[in-house]
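Q: okay, sequence plus prediction incoming.
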Amino acid sequence: MSYSMSRASLPAFRFGLSALSSLLDKASAFCAARNIDAAVILQSRLAPDMFAFVRQVQLATDQAKNGAARLVGVEPPRYEDNETTIEQLKTRIEATIDYLETLDPVRIDASEHREIIFPLGPSTKGSMKGDDYIAQFVLPNFYFHLSTAYAILRHCGVEIGKRDFLGAISVTPVS
């Protein structure tokens with residue numbers, strides 16, 4: 001079986017978002033154990049000019065759903081970006097994973113040479129062929145926001161490590 005655009009992206013989105021949901025569980029437990037208002041974590045950031053944790057989660061889900069939808073050639077669902085709790089972020093992640101399951105991998109793969117038009121900020125648009133779009137724009141942006149969300153939680157003291165970031169990957173041990 002060849003390695004297609006859908007195989008390169010859909011499992012990565014599913015595993016990354018599932019791992020992010022598990023990180024949110026650990027953040028919630030961390031807040032409860034230390035009597036910290038979860039809003040503190042949600043509004044934390046690594047630098048003053050970076051987005052807060054809540055926005056990093058929103059952007060990771062947006063990259064997955066919007067990127068995959070553009071490859072299929074459909075309009076992605078719009079989220080309000082109004083989450084204020086960990087549970088609401090978990091619901092958003094779950095909705096994104098559920099949406100990704102509705103997309104046809106064959107249509108993603110068929111977009112390899114099709115021109116994809118996408119926003120680059122509020123007033124600029126970009127254009128790339130489908131294969132470049134997924135490999136050079138969507139996946140790097142997805143992992144950037146996923147990694148930044150992880151780093152913010154680590155910075156706040158949540159006890160997580162590399163295995164938490166990688167999530168439930170299946171590895172067969174060899175001797």
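A: Happy to help now that I have it.
Q: now the strands for the protein?
A: Applying DSSP state E to the chain gives strands spanning 115-119, 125-129.
Q: just put the ones you listed in a markdown table and tack on mean pLDDT.
A: Listed next are those as a markdown table, based on pLDDT from 0 to 100:
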| stretch | mean pLDDT |
| --- | --- |
| strand 115-119 | 95 |
| strand 125-129 | 96 |
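Q: quick one: least confident helix or strand in the protein?
A: Taking mean pLDDT, DSSP states H and E as the measure, helix 162-166 is the helix or strand of the chain with the lowest mean score, a mean of 90.
Q: got the contact list for it?
A: 15, 19, 22, 23, 26, 146, 147, 150 (Cβ atoms under 8 Å, 6 or more residues apart in numbering). Where C-beta positions appear, they are placed from N, C-alpha and C, glycine not excepted.
Q: try it again with 10 Å
A: 15-16, 19-20, 22-23, 25-26, 146-147, 149-151, 153-154, 158, 169 (Cβ atoms under 10 Å, 6 or more residues apart in numbering).
Q: list the buried residues in it.
A: For helix 162-166, the neighbour count (16 or more other Cβ atoms under 10 Å) marks 164, 165 as buried.
Q: export only the CA atoms of it, formatted as CSV.
A: The C-alpha coordinates for helix 162-166 follow below in CSV (Å, rounded to 0.1, in the frame of the first residue of the first chain):
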residue,chain,number,x,y,z
LYS,A,162,7.4,12.9,25.7
ARG,A,163,5.2,9.8,25.9
ASP,A,164,2.3,12.0,26.8
PHE,A,165,3.0,14.1,23.7
LEU,A,166,3.3,11.1,21.4
